[in-house]
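>>> Need coordinates for the below:
(one chain, ligands or ions: 2)
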Amino acid sequence: MFLKTGNVENQRIYNVVDNDFRYAKVLDSFGVNFYKCGDLTINEICKIKGIKKESLLGYRISLDESFDLDFGTLENSPLNLVIEYLKHNHSYFIKNKLPYIKDLISNLDIEDKSYPFFEDLKFIFPIFYEDFVDHILEEEKFIFTHIQNLSSSRVKGSDHAKLFFALKNISLKEIADEHMNEDSEMSGIRGLTKNYSLDNIDNLHLKVIFQELKDFDNELEIHSDIENKILFPRALELENLISDKIRNISFLN
Ligand SMILES: [Fe+2]
Ligand SMILES: [Fe+2]
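Ligands and ions are numbered 1, 2, ... in the order given. Okay, the predicted model is just below:
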């Protein structure tokens, strides 16, 4: 395989990360903090840590290979697959993306008075993290489970009394409206970082944090779009269908 990574091997880690922030993540995955060894070259760090250079460069390339399903594919997929895909996103956010950003933020040591917002970011990020985990848990525990129950009742047919009460107690319409209208969880961080603008930011560690936050924000927007434009409309359709069915059954009885 031809590695399109340019000639990074002999460059200093500082320059490599400055040109391409994703190398910070690559190095982190191999147990290397870019901010602790910016003066070493990639070749040197590979030797010191016993890392295979090809693996490191190969991993960088793999980060550009998207395994995401596009919107059109998901629109035409069964509801259960859409839910599995959303759960997969959740686990990637919680187990991979956010712990990495959290680590970057907590390891940043800035004395520079030109970044007064940084103390606020250090304070606000863990709060955002906690709220975000709550949002995900609620979706998985209650909303997705309810939709999956509706969906499987359509295939298998099931306890109509149980479904009747579930439909009575959970209003998908309210949940969907609330989800659609709520501000992005990232809005506070967007404001604080002036929309992740790198203008006037010289510190490389901070630049990487901003770029990672922006990247996560974009991924979260796509994720929420799938929930708002595919999951909820389809679930509401299903809810109507099943409500009609139950009404007909009780009418016939
Ligand atoms: Fe979600
Ligand atoms: Fe959501």
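>>> For the chain, which helix or strand comes out least confident on mean pLDDT?
helix 160-169 (a mean of 75; mean pLDDT, DSSP states H and E).
>>> can you pull the buried residues of that helix?
163-164, 166-167 (16 or more other Cβ atoms under 10 Å). The C-beta positions use only the backbone N, C-alpha and C, and glycine is treated the same way.
>>> Low-confidence stretches in the protein?
Applying pLDDT under 70 to the chain picks out residues 1-6, 112, 154-159, 249-253.
>>> what residues are up against the residue nearest to the spatial centre of it?
Closest residue to the average C-alpha location of the chain: residue 93 at 3.8 Å, with Cα atoms, centre = their mean. By Cβ atoms under 8 Å, 6 or more residues apart in numbering, the residues touching residue 93 are 132, 136, 216, 219-220, 223.
>>> from the residues you listed, which is closest to residue 145?
residue 136 (13.2 Å; Cβ to Cβ).
>>> is it fair to say that closest one lies in a helix?
Yes - using DSSP: H, G, I helix; E, B strand; the rest coil, the assignment for residue 136 is a helix.
>>> Just give the number of residues close to the residue nearest to it when sequence neighbours are not counted.
Excluding its sequence neighbours, the residue lying closest to residue 136 (Cβ to Cβ, 6 or more residues apart in numbering) is residue 90, at 4.8 Å. A count of nearby residues for residue 90, using other Cβ atoms under 10 Å, gives 19.
>>> who's in contact with residue 90?
136, 139-140 are the contacts of residue 90 under Cβ under 8 Å, 6+ apart.
>>> what's the closest of those residues to residue 105?
residue 136 (19.6 Å).
>>> how near is that closest one to residue 91?
9 Å (Cβ to Cβ, to the nearest Å).
>>> who's more crowded, the two?
A direct count of neighbours by other Cβ under 10 Å for residue 136 and residue 91 places residue 136 higher, at 17 against 11.
>>> I'd assumed residue 98 was in contact with that one.
No - taking contacts as Cβ atoms under 8 Å, residue 136 lies outside contact range of residue 98: 10.3 Å.
>>> and stretch 120-140, which residues are buried?
Neighbour-count burial for stretch 120-140 flags 121, 124-125, 128-129, 132, 136, 139 (criterion: 16+ other Cβ under 10 Å).
>>> again, but for stretch 107-122
108, 115, 118, 121.
>>> can you pull the alpha-carbon coordinates of it into CSV?
In CSV, the C-alpha atoms belonging to stretch 107-122 read as follows (Å, rounded to 0.1, in the frame of the first residue of the first chain):
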residue,chain,number,x,y,z
ASN,A,107,-2.9,18.0,30.6
LEU,A,108,-2.7,21.5,29.2
ASP,A,109,-0.7,23.8,31.4
ILE,A,110,-1.0,27.4,30.3
GLU,A,111,0.4,30.3,32.2
ASP,A,112,0.0,32.6,29.2
LYS,A,113,-2.3,35.4,30.1
SER,A,114,-3.4,35.7,26.5
TYR,A,115,-5.7,32.7,26.9
PRO,A,116,-8.0,33.8,29.8
PHE,A,117,-10.8,31.6,28.5
PHE,A,118,-8.8,28.5,29.2
GLU,A,119,-9.7,28.3,32.8
ASP,A,120,-13.3,28.4,31.8
LEU,A,121,-12.8,25.6,29.3
LYS,A,122,-11.1,23.5,31.9
